[in-house]
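K.L.:
Based on what follows, work out the 3D shape:
(chains A and B)
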Amino acid sequence: MNVQAVTDSVLVLVILLNLGMLASSRLATGVRLFALQSLLLAFLPLAEEALEAQSPGIHAFIIAGGTIAMKVVLIPYILLRIIRTGEVHREVEPFIGFTASVFVGALLVIGSFAVAMRLPLPAPPASKLIVPVALSTLLLGLLTLVSRVKAITQVLGFLVLENGIFILGLLLLKQTPLLVELGILLDLFVGVFIMAIVVYHIRREFDHMDTHLLDALKET
Amino acid sequence: MIAVALSLAILGCGALGSIVLARRPHAALFVSLASIVLAGIICCATAVRTLLGAASPETLSVSWPLPIGSATLALDGLSAWFLLVIGAVSTAVAVYCWDYFRASIGHEAIWAATALLNILVAAMVLTVCAGDVVLFMVGWELMSLSAFLLVGFHHRDARTRHGAWMYLIATHLGTAFGVLPVFGAFTAATGSTAFAGFAGAFDPSRAAIGAIVFFLGLVGFGTKAGLMPMHVWLPEAHPVAPSPVSALMSAVVIKMGVYGLLRLITWLPPLSRACAVAVVAIAVITGVMAILYALAQRQYKRMLAYSSVENIGIIILGIGLGMLGRATHQPILTTLGFGGALLHVLNHALFKGLLFLSAGAVLRATRVDNVERLGGIARSDPVNAGLFALGCAAICGLPPLNGFVGEFLIYAGLLHGAALNSLLVAASALVGVAALALIGGLALAGFSKLYGVMFLGEPRDAQVRAHATPPFMLAGMAMLALGCIAIAVGARPLGGALSVPLAVIAAPGLDPRAYFDAVLSPLAWVSIMSLLALGAAGALVALRRRSDRPELAVERQSTWGCGYSAPTARMQYTGSSYVWKLAQGFRSLLRPRRLVTQPEGVFATQVSLKTETADAAIALGYQPTFRAVARVCERLWPLQRGRIQQYLMYIVATLLIVFAVEAWLAPFSNESPSKVQPDTALRSSAPEGSQSGGNRSP
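P.N.:
Next comes the predicted model:
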């Protein structure tokens, strides 16, 4: 089993995990699936270098290590903690139902494969699956943001969206300076941190975590 | 040329210094004003050197990180003339500001105002010295934005916010629909953004394109200058701005529009007669209507703003005359028209700056912006009254002051045009003469009203107190007043200075000096005669004062006392009653609205009369248009639900559409990728991926 096959199967697994997140109504499950997805993605930079028949450099190791520390350990820990203390465990009334959102998600995956075939790219990708998987992860993250109500799921959608950007960034790994990658990770951490605080305050004000009531600023 | 860059650097340092020293307001005020004065003096010196022919036109290019355009500063005669205006007025305004702003330290963020003043002056210098479209637009927009922030300085007042927004919207509409299309046309025609190549970009044989570009420019630059019907922001923005800012805006900022228009004319081939006549017509309408509106105003700064519109009308009249000269190949018309316009730019900057500063001193002392509540200020603030009187005399074009010199050039040119044997040209020139005379007369009525009601007579409102103006404010005004006198005295050498910018505008090979000398020599006689008359009158008064005849014993009575036993200040002429006759005469043009409560019965208790004059351009043009736009925009409200998921959905939808367009139409890629990509990309793996998505979907 060569590196190419492993990479491709990892990418396919990433999409499956995305759809799994869309299908699950339990918040904790969603967070764990996200952690698993991030763990898979963390090995991609290493595989990327291996694919080009060279031993992985320090750059790739730092990215992998940072990703594991941030997205597999720290952020899921914060989110699970909020879920536990908040005593909210399920997404109750999503805008788009679970079955329907999996269906829409599948359509988006097909769409991103169709688009990715035609997109002009700066450099030929290491694996042909990278661009469509990146696009579909991005779109499925956005779908989570649009279709879910709970603040936690919003954060989750944002994280999945970021994972999509991460995969796309692999394409440009050689061109992207380490500092930028680490900066993105730091941004992500700060973003989740702030969102956690916001979620905490929403719950304290309203005794729930819905974003339903946050529409008072609209034009009348 | 280095001097221009140096003054820009000084102004930048002044702005930074003001911000850095915000905690020490006196130091901040001093640093920022000193930098304006220093930069102003440098600008004046550079401009004078160029205008006297001591320095030839030069350019300075600096490397520039942007992919478009280039950072090219260019200084030729036309730039130098406007640089002189900027330098002179901003120096005087900065001197004035020292005492004006020092009193409000602690109440307001003065450091912000002075930093913005630095930026405004720097932006104007950049605008007139730019040698490239991009740099010009940088200066132009910087000028609009800093002026907007300065107008809105007292932003807690709703009227101020209204005026500031109106200015911002007007100037951006003008830029979007006039200035940018003009530069776009030139850039498309020449393929570069450098001004140097723009001359001759349009073939004289295709006159229609030249005319279209010119009128687009007239709309765009005319909005900044305040040409009717794009003038509506002036009477809203100028009264609410701090007075030094109004002075700077009215004296210099609106002239940038004139600069843009003149620069545009230098690039275009001579336009047809019809175009020139149209410009003359617009100028006549602007001038006459604006001075009529000025007559009807009760707020003195608003009246001054309308008077600025009127003076822009006179300047554009000069430009129209110059264009007539170009169309008919009459160098004397070109010389006198453009020359008169340029001279009036400088003159108006001096006396309108003086009037706004002087009015600002009154406003600061009394905190009353309505003339009908003022009166008798000449007694408590005589120096300011004298300076204001000088400004009024100059703006009315009375000899021997500078306003007369500029208008005299335009009059002379118009009269020369009237002698041409082309009916169209002669008729429009005669209309111009009549209009200029009418404007002069009405301006005299308006400004005698303003001066009389504000400074003479008795105070109309016992609660209004005036006091003497502080020395630095007077010094700033005096500098402008001296400028007014100096131009009148030195009218003849001015002909030489004017020929440098004229050489840029008009065709080369023209010798304007001969024409100027021919026109300016009778002018000297007029000036000398009027000086003699003034001197004789002054001597008579002095003699009368000296003579010690008991039957002529002078005692001080209240003005308009007229032997009433119990006169009150309310018996005086009001400003409105003073111009009532004129306003009645032009009733059909002004359309004042009268709200009358008729007296009833013998002892009527409820009687009132209220008149107001609304600007026709707002009432008939802009208000209905903007209402219609607002109605259309209200239809879009259902899009705003305030729900975060919905906004995200808009973003997703946009993203999807962009993806689809890029993938199937590929408008942004240079090669033709859609045909090549499938081979190199993912033909083999695509079905596998989509299938794995499909497996879970049911």
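K.L.:
Find the centremost residue of chain A, please.
P.N.:
Geometric centre of chain A, nearest residue: A:V160, 1.7 Å, by CA atoms, centre = their mean.
K.L.:
Low-confidence stretches in chain A?
P.N.:
A:1, A:51-56, A:87-88, A:92, A:122-123, A:126, A:171-179, A:203-220 (pLDDT under 70).
K.L.:
list the buried ones in the longest helix seen in it?
P.N.:
The single longest helix within chain A, with elements called by DSSP state H, is helix A:178-206. Going by neighbour count (16 or more other CB atoms under 10 Å in any protein chain shown), the buried part of helix A:178-206 is A:E181, A:I184, A:L185, A:L188, A:F189, A:V192, A:M195, A:A196, A:V199, A:I202, A:R203. To be clear about C-beta, it is placed using only N, CA and C from the backbone, and glycine gets the same treatment.
K.L.:
Tell me the pLDDT of the closest residue to chain A within the stretch 501-650 of chain B.
P.N.:
Closest approach between the stretch 501-650 of chain B and chain A, counting by CB to the nearest CB: B:G642, at 2.8 Å. pLDDT, B:G642: 71.
K.L.:
from memory B:A88 sits against B:I41, does it?
P.N.:
No: here B:A88 does not reach B:I41: they are 9.5 Å apart, not a contact under CB atoms under 8 Å.
K.L.:
For those two, indicate the residue with more neighbours.
P.N.:
For B:A88 and B:I41, the more surrounded residue by other CB atoms under 10 Å in any protein chain shown is B:A88, and the numbers stand at 24 against 14.
K.L.:
Can you give me every residue that contacts that one?
P.N.:
Residues in contact with B:A88, defined by CB atoms under 8 Å, 6 or more residues apart in numbering or on different chains, are B:G40, B:C44, B:L346, B:A349, B:L350, B:M479, B:L480, B:G483.
K.L.:
A:P94 in helix, strand or coil?
P.N.:
coil (DSSP: H, G, I helix; E, B strand; the rest coil).
K.L.:
Give me the neighbour count for it.
P.N.:
Around A:P94 sit 19 other residues, with neighbours defined as other CB under 10 Å.
K.L.:
How about the one 10 residues further on?
P.N.:
Using other CB under 10 Å, A:V104 is surrounded by 18 other residues.
K.L.:
So which elements touch whatever helix or strand it lives in?
P.N.:
According to DSSP states H and E, A:V104 maps onto helix A:98-118. Applying 3 or more CB pairs under 8 Å, 6 or more residues apart in numbering or on different chains; DSSP states H and E, one finds that helix A:98-118 contacts helix A:3-23, helix A:130-147, helix B:644-664, helix B:673-680, helix B:686-695.
K.L.:
Can you tell me which of those helices is most buried?
P.N.:
helix A:130-147 (a mean of 26; mean count of other CB atoms under 10 Å in any protein chain shown).
K.L.:
how's chain B carved up into domains?
P.N.:
Residue ranges for the domains of chain B, per automatic domain parsing: B:1-204, B:270-533, B:586-595+B:610-635, B:640-671.
K.L.:
right, so of those domains, which gets closest to A:I83?
P.N.:
domain B:640-671 (20.1 Å; CB to CB).
K.L.:
before we move on, the earlier item: dump the helices and strands packed on helix A:98-118 to TSV, plus distance to B:C13.
P.N.:
Formatted as TSV, those follow (distance: least, CB to CB, whole Å):
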stretch	distance to B:C13
helix A:3-23	55
helix A:130-147	47
helix B:644-664	43
helix B:673-680	50
helix B:686-695	60
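K.L.:
ok, how many other residues are close to B:Q606?
P.N.:
Neighbour tally, B:Q606, other CB under 10 Å: 8.
K.L.:
Next, count neighbours for the nearest residue to it once chain neighbours are set aside.
P.N.:
Leaving out its chain neighbours, the residue that sits closest to B:Q606 by CB to CB, 6 or more residues apart in numbering or on different chains is B:T597, at 5.5 Å. For B:T597, the neighbour count with other CB under 10 Å is 11.
K.L.:
So what pairs up with B:T597 in the strands?
P.N.:
B:S608 (DSSP bridges).
K.L.:
shouldn't it be in contact with B:S608?
P.N.:
Yes: B:T597 lies in contact with B:S608 (CB under 8 Å); the separation is 4.5 Å.
K.L.:
How much space separates the residue of the stretch 351-500 of chain B found nearest chain A from B:Q299?
P.N.:
Proximity of the stretch 351-500 of chain B to chain A (CB to the nearest CB) peaks at B:D369, 35.7 Å away. Computed as CB to CB, to the nearest Å, the B:D369 to B:Q299 distance reads 5 Å.
K.L.:
for A:E49, same thing?
P.N.:
From A:E49 to B:Q299 the distance is 75 Å (CB to CB).
K.L.:
How about the contacts made by residue 17?
P.N.:
Going with chain A. Taking CB under 8 Å, 6+ apart as the test, what A:L17 contacts is A:L33, A:F34, A:L36, A:Q37, A:L40.
K.L.:
not what I meant, chain B
P.N.:
Contacts of B:G17 by CB under 8 Å, 6+ apart are B:A28, B:V31, B:S32, B:S35.
K.L.:
Of the residues you listed, which pair is most distant in space?
P.N.:
B:A28 and B:S35 (11.0 Å).
K.L.:
Next, give phi and psi for the residue of the stretch 351-500 of chain B closest to chain A.
P.N.:
Per-residue torsions, B:D369: phi -110, psi 10 (degrees, to the nearest 10).
K.L.:
How many neighbouring residues does it have?
P.N.:
17.
K.L.:
And B:A466, by the same measure?
P.N.:
24.
K.L.:
so it touches B:A365, yeah?
P.N.:
Yes: between B:A466 and B:A365 there is a contact at 4.8 Å, judged by CB under 8 Å.
K.L.:
between those two, what contacts are shared?
P.N.:
Contact with both B:A466 and B:A365 is made by residues B:D381, according to CB under 8 Å, 6+ apart.
K.L.:
re earlier: from the contacts of B:G17, which single one is nearest chain A?
P.N.:
Nearest to chain A among the contacts of B:G17, with distances taken as CB to the nearest CB, is B:A28, at 35.7 Å.
K.L.:
The closest one - nearest residue in space that isn't next to it in sequence?
P.N.:
Computed as CB to CB, 6+ apart, the closest residue to B:A28 that is not its neighbour in sequence is B:L21, at 3.8 Å.
K.L.:
Let me see the contact set for the one you found.
P.N.:
Counting by CB under 8 Å, 6+ apart, B:L21 has contacts B:A27, B:A28, B:V31, B:W111.
K.L.:
residue contacts, the second one?
P.N.:
By CB under 8 Å, 6+ apart, the contact set of B:A28 is B:G17, B:S18, B:I19, B:V20, B:L21, B:A22, B:I110, B:W111, B:T114.
K.L.:
Can you name the residue of the stretch 201-350 of chain B nearest to chain A?
P.N.:
Residue of the stretch 201-350 of chain B nearest chain A, by CB to the nearest CB: B:E236 (26.7 Å).
K.L.:
give me the number of residues near B:L8?
P.N.:
Look at B:L8: counted by other CB under 10 Å, it has 21 neighbours.
K.L.:
helix, strand or coil for it?
P.N.:
helix.
K.L.:
Could you double-check that it sits in contact with B:V125?
P.N.:
Yes: the pair B:L8 / B:V125 is scored as a contact, 5.9 Å apart, by CB under 8 Å.
K.L.:
so what sits against both of the two?
P.N.:
Common neighbours of B:L8 and B:V125 (criterion: CB under 8 Å, 6+ apart): B:A39.
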